[in-house]
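# turn this into a structure:
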Amino acid sequence: TFCPMGFWGMSKVIERHALQPGLAGDGEVGVQSAGVAGRDTLKISGSAVFGCSDRVDNDDLEPLRQRMATAHMNAGQATDWKDWARLVGASKPSLLIAMAHADGAGFAATIEIGGKPIKTIGITAAHIRASAEAHEKPLVALLGCDMAGTDDDYANPVAVFSTRGAAAVIGTIATVLAEDSAAVAARLMQGLTFADPAATRRLGEAMRDLKRNALLDGELMPLCLVGFGDADWLLSN
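Next comes the predicted model:
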């Protein structure tokens with residue numbers, strides 16, 4: 001069984017938004033980060049923070065580490081969500097990648113890295129940005145079991161990260177097994193960075209192209225990646 005949206009994702013740029021007014025504070029939804037003239041570039045460079053569920057084998061992370069090293073990114077691996085927030089505050093990352101495991105529903109929904117789950121609604125701005133005054137907002141990738149597919153406001157990690165201050169969020173619309181999430185993350189990293197340091201590409205176009213390249217290489221799991229936020233963000237390394 002094939003999902004038509006997977007094939008549309010290889011031929012079209014699809015823009016999705018995951019705003020949940022019920023999760024936002026007063027005025028927060030009105031100031032969602034989006035590309036505008038003179039402020040339309042997301043720099044995928046400098047520092048990155050990543051973390052994974054304890055279901056992910058450490059050896060499977062090596063391709064992702066190599067991709068980040070090739071992109072000259074200083075990548076810090078978080079052992080749990082507390083360590084994640086510490087790394088975000090210390091390094092001001094431009095990219096966050098969570099190969100997490102989601103569980104539960106409603107207020108009890110959790111998202112786990114390092115074997116230590118946190119309630120999804122417990123994700124705060126400190127898990128995303130060094131400070132509220134920080135000019136740059138990061139690109140966030142949430143790779144795991146159906147991170148974007150749930151209709152439950154409080155169980156939807158993509159919606160939570162979007163309303164807490166991410167510039168854009170990449171999530172999964174299908175179950176990605178732990179043993180596959182690291183490979184999907186490496187493919188995503190390849191699609192977000194360019195061999196020519198002067199090159200730029202729109203986020204929506206980069207998502208479309210990485211799916212095409214994955215399919216050419218016989219990889220199907222990256223087809224479940226979808227972007228939320230302004231598809232016209234200009235990626236620069």
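# mind listing what's buried in the helix or strand residue 184 falls within?
Using DSSP states H and E, residue 184 sits in helix 178-192. Under the neighbour-count criterion of 16 or more other Cβ atoms under 10 Å, helix 178-192 has 178, 180-192 buried. Any C-beta I mention is one placed from the backbone N, CA and C, and that applies to glycine too.
# in the sheet, who's paired with the residue nearest in space to the middle of the chain?
Most central in the chain under Cα atoms, centre = their mean is residue 141, positioned 1.0 Å from the mean C-alpha point. For residue 141, the beta-bridge partners are residue 97, residue 170 (DSSP bridges).
# so how far is residue 220 from it?
18 Å (Cβ to Cβ, to the nearest Å).
# residue 49 too?
Separation of residue 49 from residue 220 (Cβ to Cβ): 28 Å.
# compare neighbour counts for the two and give me the winner.
residue 49 (28 against 13; other Cβ atoms under 10 Å).
# for the helix or strand in which that one is found, what is the average pLDDT?
Per DSSP H and E: residue 49 is located in strand 47-52. The pLDDT scores in strand 47-52 average 96.
# next: stretch 126-142.
85.
# next, the distance between the ends of it.
In stretch 126-142, first residue to last residue: 16 Å (Cα to Cα, to the nearest Å).
# repeat that for stretch 120-128.
Start-to-end span of stretch 120-128 (Cα to Cα) is 13 Å.
# hmm, who's touching it?
The contact list for stretch 120-128, computed with Cβ atoms under 8 Å, 6 or more residues apart in numbering, reads 23, 81, 84-85, 88-89, 96, 102, 107, 109-111, 132, 137-138, 140, 154-157, 160-161, 164-166.
# restricted to strands, list the residues you listed.
96, 102, 110-111, 140 (DSSP state E).
# with distance to residue 10 and neighbour count as extra columns, can I get the residues you listed in TSV?
Compiled in TSV, these are given as follows (distance: Cβ to Cβ, whole Å; neighbours: other Cβ atoms under 10 Å):
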residue	distance to residue 10	neighbour count
96	26	24
102	26	23
110	33	19
111	29	25
140	23	27
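# got CSV for those residues, with distance to residue 230 too?
Below are the ones in strands among the contacts of stretch 120-128 laid out as CSV (distance: Cβ to Cβ, whole Å):
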residue, distance to residue 230
96, 17
102, 25
110, 29
111, 24
140, 14
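# just the residues you listed now: which is nearest residue 34?
residue 140 (14.8 Å; Cβ to Cβ).
# who's in contact with the closest residue to that closest one other than its chain neighbours?
Residue nearest to residue 140 in three dimensions, not counting chain neighbours: residue 166, with 4.2 Å by Cβ to Cβ, 6 or more residues apart in numbering. Residues in contact with residue 166, defined by Cβ under 8 Å, 6+ apart, are 33, 96, 128, 137-140, 229.
# hmm, 10 Å instead?
Counting by Cβ atoms under 10 Å, 6 or more residues apart in numbering, residue 166 touches 18, 32-33, 96, 125, 127-129, 137-142, 158, 160, 228-229.
# I'd like to know which elements the helix holding residue 184 is packed against.
Where contact means 3 or more Cβ pairs under 10 Å, 6 or more residues apart in numbering; DSSP states H and E, helix 178-192 is packed against strand 47-52, helix 62-70, strand 95-103, strand 139-144, strand 168-172, helix 203-216, strand 225-228.
# residue 39: which of these is closest?
Among the helices and strands packed on helix 178-192, the nearest to residue 39 by Cβ to Cβ is strand 168-172 (13.6 Å).
# so for the closest one, mean pLDDT?
On average, strand 168-172 scores 92.
# also stretch 65-76?
93.
# ditto for stretch 200-213
Computed over stretch 200-213, the average pLDDT equals 93.
# so which bits of it are buried?
201-204, 206-208, 210-211.
# look up phi and psi at residue 74.
Recorded main-chain torsions at residue 74 are phi -90, psi 100, according to degrees, to the nearest 10.
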